[in-house]
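Build the 3D model from these lines:
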Amino acid sequence: MALDIAIVGGGIGGLTAAIALRQKDFSVTLFEQAPEIGEVGAGLQISVNAVRVLNALGLKPQEWPCSKPKSITLHDYKRGDPVANVAMNSTPDTPYLQFHRADLIAELMQAAIKAGVNIKLGRQVAVSDNGPHSVKIGNQPFDLAIGADGVRSSIRDQFYDSQKVIFTKQIAWRALVSATDLPGDFIKDTHVYMGPRKHVVTYPLRDGQLINIVAVEERDTWADEGWNHAGNPDDLRRLFDDWCAPVTTLLAQVKSPIVWGLFAHPSLHSWVKNRIVLLGDSAHPMVPFVAQGACMAIEDAWVLADQLAKNTDIGAALQNYQNIRKPRATKVQETALKSGRIYHTANPLARGMLQTGMRLSSKIAPAIMAGHYDWIYDHDVTVY
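Prediction:
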């Protein structure tokens, strides 16, 4: 059945869904309120589970501008010495890619245009629920509307029984710094520095030209949720002024950090209402500690397009999509919430025991350590 589908939101999830749906021969119009599709400069990680979807769509993300880390190394915050090392990209079949968000968006945008998606920029649209048979965007009727408008989704707030978000008492800082004047070690692979109630993640972007920094602290006060709140770089440096030289050296280069509070979003009772369906952060916003926000949106896009192509009954297709995706996305949400605390152990004895366990696992049974989250990263939604 040739459906006429509207997508509200031109982020990673919305663009991937648009491409997947066009490949199933649906008519797709994508509405984005920004005058141009882009993202605040920051890095993101696309793990194997999402790369498989992009490859199945014929997009070959490994050939796009990205970094391919050989390992992720965990460090003690004070000494800087390695605690554990997890190998990455050990075979071509298990790609783990790191993108500047703007680069990934640009590639998806070009692929969407090539696929024939009708993209309307600078359009802040009104969505009207017309019951079980149609939906309107402004005055234009569609067979289906997909809410892919992000963590602050107006569609979710308008049509769904969402619950109050809960501040996690964690604040995240993001920054990009030039690698030009940094020692060579900084442009290699991914590093996590773990300390009392704080941690720092760093990894290279654009062939090592930039270093992406994510620094997380625990605090009782909260900041507005979002990507575009300017932080004071001196405040960031003071938070980590007694940490090891790699961290303080990087933070000395930070000029314009972004800061935001991390919030837990209770799981929605449903992602489907008549001919409106949610996707990505609109459906299941998550904290960044397992690097799956974009990846879950990419998985959603594949499954939604696949179910709509397989079912002539739209209602059944949407329910199947929810049945397939909601349990997995909810479990990833919950896992991400728990994972951030592992890095923040404050008690010195407990931290020492944790790091000793990590060292032993890394040396004696690296496959077990690397495979702890295989249920997330090694999943393949394209085989169903």
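
quick one: the strands in the stretch 201-350 of the chain?
Under the criterion DSSP state E, counting those that start in this stretch, strands of the stretch 201-350 of the chain are mapped to 210-218, 258-264, 272-273, 276-278.

Comparing the ones you listed by mean pLDDT, which bottoms out?
Lowest mean pLDDT within those: strand 258-264, at a mean of 90.

name the helices or strands packed onto that strand?
strand 166-178, helix 314-342 (3 or more CB pairs under 8 Å, 6 or more residues apart in numbering; DSSP states H and E). Just so you know, the C-beta spots here come from the backbone N, C-alpha and C atoms, and that holds for glycine as well.

Let's have the ones you listed in TSV, adding mean pLDDT, mean neighbour count and distance to residue 220.
Listed next are the helices and strands packed on strand 258-264 as TSV, based on pLDDT from 0 to 100; neighbours: other CB atoms under 10 Å; distance: least, CB to CB, whole Å:
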stretch	mean pLDDT	mean neighbour count	distance to residue 220
strand 166-178	91	19	6
helix 314-342	93	17	16
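
Which among those is found nearest to residue 53?
Of all the helices and strands packed on strand 258-264, the one in closest proximity to residue 53, counting by CB to CB, is helix 314-342 (12.5 Å).

hmm, back to that, columns distance to residue 100 on top of the helices and strands packed on strand 258-264, output as a markdown table?
Shown next, in a markdown table, are those (distance: least, CB to CB, whole Å):
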| stretch | distance to residue 100 |
| --- | --- |
| strand 166-178 | 8 |
| helix 314-342 | 22 |
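
so which of those comes closest to residue 261?
strand 166-178 (5.7 Å).

Show me what secondary structure element comes after that closest one.
strand 190-195 (DSSP states H and E).

what pairs with that following strand, and is each one parallel or antiparallel?
strand 71-76 (parallel), strand 198-205 (antiparallel) (DSSP bridges).

Mind telling me which of these the model trusts least?
strand 71-76 (a mean of 89).

Ranking helices and strands of the protein by mean pLDDT, which lands last?
helix 366-370 (a mean of 56; mean pLDDT, DSSP states H and E).

quick one: the helices in the stretch 1-150 of the chain?
12-23, 48-56, 101-115 (DSSP state H, counting those that start in this stretch).

any chance of those helices in a markdown table, plus mean neighbour count, mean pLDDT and distance to residue 215?
Below are the helices of the stretch 1-150 of the chain laid out as a markdown table (neighbours: other CB atoms under 10 Å; pLDDT from 0 to 100; distance: least, CB to CB, whole Å):
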| stretch | mean neighbour count | mean pLDDT | distance to residue 215 |
| --- | --- | --- | --- |
| helix 12-23 | 27 | 98 | 23 |
| helix 48-56 | 22 | 96 | 24 |
| helix 101-115 | 19 | 96 | 17 |
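
Tell me the bridge partners for residue 97.
Bridge pairing for residue 97 - DSSP bridges - gives residue 46.

quick one: it from residue 284, how far?
To residue 284, residue 97 is 22 Å away according to CB to CB, to the nearest Å.

More neighbours: the two, which one.
Each of residue 97 and residue 284 had its neighbours counted (other CB atoms under 10 Å), and the higher figure belongs to residue 284 (25 against 22).

quick revisit: and the strands of the stretch 201-350 of the chain: which comes nearest residue 106?
strand 210-218 (15.4 Å).

and the closest residue to residue 282 other than its chain neighbours, what pLDDT?
Counting by CB to CB, 6 or more residues apart in numbering, residue 153 is the residue found nearest to residue 282 once chain neighbours are left out, at 3.8 Å. Looking at residue 153, its pLDDT is 90.

Going forward, the N-terminal residue is numbered 5.
Taking 5 as the first residue, the last one we looked at is residue 157.

so residue 306 makes contact with residue 57?
Yes. If you go by CB atoms under 8 Å, residue 306 and residue 57 touch, sitting 4.6 Å apart.

Residue 301 is nearest to which of the helices of the stretch 5-154 of the chain?
So among those, helix 16-27 is nearest, using CB to CB, at 3.0 Å.

Report the angle between that closest one and helix 52-60.
30 degrees (axes from the mean of the first three to the mean of the last three CA atoms, to 10 degrees).

Report the contact partners of the closest residue to residue 15 other than its chain neighbours.
The shortest distance from residue 15 to any non-neighbouring residue, by CB to CB, 6+ apart, is to residue 154 (5.9 Å). Each residue near residue 154 by CB atoms under 8 Å, 6 or more residues apart in numbering is listed here: 13, 15, 284, 285, 286.

Name the nearest of the residues you listed relative to residue 257.
Closest to residue 257, out of all of the contacts of residue 154 and judged by CB to CB, is residue 15, at 28.2 Å.

my guess is that closest one contacts residue 112, does it?
No. Applying CB under 8 Å, one finds residue 15 not in contact with residue 112, separated by 9.0 Å.

neighbours around the nearest residue to residue 267 once chain neighbours are set aside, how many?
Spatially, and ignoring its direct neighbours in sequence, residue 267 is nearest to residue 169 (4.3 Å; CB to CB, 6+ apart). Residues near residue 169, counting by other CB under 10 Å, number 14.

What's the per-residue pLDDT of residue 169 here?
So residue 169 comes in at 86 (pLDDT).

gap between it and residue 223?
17 Å.

Deepest-packed of the strands paired with strand 194-199, please.
Mean neighbour count (mean count of other CB atoms under 10 Å) peaks for strand 202-209 among these, with a mean of 23.

List the neighbours of it that are in contact with it.
Identification of contacts with strand 202-209 by CB under 8 Å, 6+ apart yields 47, 49, 71, 73, 81, 102-104, 180, 183, 190-197, 214-222, 243-244, 247, 250-251, 254, 344, 347-348.
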